[in-house]
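S.K.: Mind looking at a prediction? Sequence and model below.
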Amino acid sequence: MEFKKLLEKRSEESWKRFIPTLSIDCVIFSFHENELQVLLLKLRDREEWGLPGGYVEKIENVDDAAIRILKDRTGTENIYLQQFYTFGNLNRSEFAFEKYADNMWHKQRFVSIGYYALAEHSHVNLFVDEFSSAVKWHSIENLPEFMMDHRIIFDKALITLREQLNNHPIGYNLLPEKFTMPELQKLYEGILGKKLNRGNFYRKILRYDILTKLDESRKGGAHKAPDLYSFDLEKYNSALKEGLKGNW
C-alpha cells in the first residue's frame, strides 16, 4: 500500500485506539562487537533515522505500552526498561507531516515519554513493520542523521545512562552471561565516551567484589585467551543499592 494511504488508514484507527497527544519513544541500547549500539529505524518516506516508538492504548498503562513497543521491535519482553524524561516542545514532530491533512493522527502535537532499554544483543530479533523500510543497530560513534527531535532524545538517554552507571544494573543487562574484563572495560568506555586506564579499571572493578572469575577462558584469539567472568548478582545488586563508589 502507498505510504500516504497507509498513514491515512491507520490514522482513523489510531483516533479510536490510542490516547491523543501522548506517545512513547524508546532508546534501545545494546553492546556488540566491543561497541555500544542503539537501535534505529527508517520510515518509508524519509531518509533520516528515528527511534522506535508508538502510542498508549486507552485501556493500557504507560509502562505496559513501552513493554509492548519493545516486544514489537525486539521480539522479547525480558529487557531492562527505565523511564528517563518527557519531551514536549512545541512542533517537535508535527512538521514531519506538514504535507498531510491537519486532522491526521500523526500530525497532532505529541508529548513523548522517553524510555531507555538495555538489550542483550543475542536475544534480539529485529522486525521491520509496515511503516518502516529498515531497522538496524548503529554504533553510537557513527550515528546517521535523526528525524524530528530524536537526536535530542538519544542524547538525553545517553547522559542518563552515564549518570546511572553506578546505581543501575547496566553492565548486567548489556553483557552476555560470560564476558571478559576487556569487554567490560569497552562497555564502560562506550557509555562514558572516553578511554579508561586498563590497570586502574581492573583494580576498581575487582575491588567492588561484584564479579565471579570462572574456571574457563575465551578461546579463538591470536593472543593469550582472556579469563571469563560473570556477575555475582546478589553482590552486584547489593553494591548498586549503596552505589559503586568513585568516578571513572
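M.R.: Cool, got the structure.

S.K.: lowest confidence element among the helices and strands of the protein?
M.R.: helix 233-242 (a mean of 85; mean pLDDT, DSSP states H and E).

S.K.: For it, list every residue counted as buried.
M.R.: Using 16 or more other Cβ atoms under 10 Å as the test for burial, helix 233-242 gives 236, 239-240. C-beta coordinates here come from the backbone N, C-alpha and C atoms, glycine included.

S.K.: Same question for stretch 132-147.
M.R.: Buried-residue list, stretch 132-147, by 16+ other Cβ under 10 Å: 132, 135, 137, 146-147.

S.K.: The buried residues of helix 233-242 into TSV, with extra columns for distance to Ile205?
M.R.: Output for the buried residues of helix 233-242, formatted as TSV (distance: Cβ to Cβ, whole Å):
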residue	distance to Ile205
Tyr236	11
Ala239	11
Leu240	14
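
S.K.: List just the nearest of these to Ile170.
M.R.: Leu240 (9.4 Å; Cβ to Cβ).

S.K.: how about the nearest residue in space to that closest one that is not next to it in sequence, secondary structure?
M.R.: Of all residues not flanking Leu240 in the chain, Asn167 sits nearest, at 5.7 Å (Cβ to Cβ, 6 or more residues apart in numbering). Secondary structure, DSSP: H, G, I helix; E, B strand; the rest coil: Asn167 is coil.

S.K.: List the contacts of Asn167.
M.R.: 240, 243-244 (Cβ atoms under 8 Å, 6 or more residues apart in numbering).

S.K.: which SSE is the residue positioned nearest the centre of the chain in?
M.R.: The chain has Ile28 as the residue nearest its centroid, 1.5 Å off, counting by Cα atoms, centre = their mean. Counting by DSSP states H and E, the element that carries Ile28 is strand 18-32.

S.K.: tell me what the next helix-or-strand element following that strand is packed against?
M.R.: Counting by DSSP H and E, the element after strand 18-32 in chain order, helix or strand, is strand 35-43. Under the contact definition 3 or more Cβ pairs under 8 Å, 6 or more residues apart in numbering; DSSP states H and E, strand 35-43 sits against strand 18-32, helix 62-74, strand 132-139, helix 181-192.

S.K.: can you give me the angle strand 35-43 makes with helix 181-192?
M.R.: Angle of strand 35-43 versus helix 181-192, following axes from the mean of the first three to the mean of the last three Cα atoms, to 10 degrees, is 50 degrees.

S.K.: what sits up against strand 35-43?
M.R.: Contacts for strand 35-43 (Cβ under 8 Å, 6+ apart): 27-31, 48-52, 73-74, 119, 121, 124, 126, 128, 131-141, 143-144, 146-147, 154, 174, 186-187, 190-191.

S.K.: what's the neighbour count on Asp129?
M.R.: Applying other Cβ atoms under 10 Å, we find 12 residues neighbouring Asp129.

S.K.: same deal with Arg218?
M.R.: 14.

S.K.: what's the distance between it and Asn91?
M.R.: Going from Arg218 to Asn91 by Cβ to Cβ, to the nearest Å gives 50 Å.

S.K.: before we move on, back to that, in the strand holding Ile28, which residues are buried?
M.R.: So for strand 18-32, counting by 16+ other Cβ under 10 Å, buried means 18, 23-31.

S.K.: can you check stretch 148-159 too?
M.R.: Neighbour-count burial for stretch 148-159, counted by 16+ other Cβ under 10 Å, picks out 148-151, 153-154, 156-158.

S.K.: just to revisit the earlier point, and which of the buried residues of helix 233-242 is nearest to Phe95?
M.R.: Leu240 (41.2 Å).

S.K.: Thanks again, I'm all set now.
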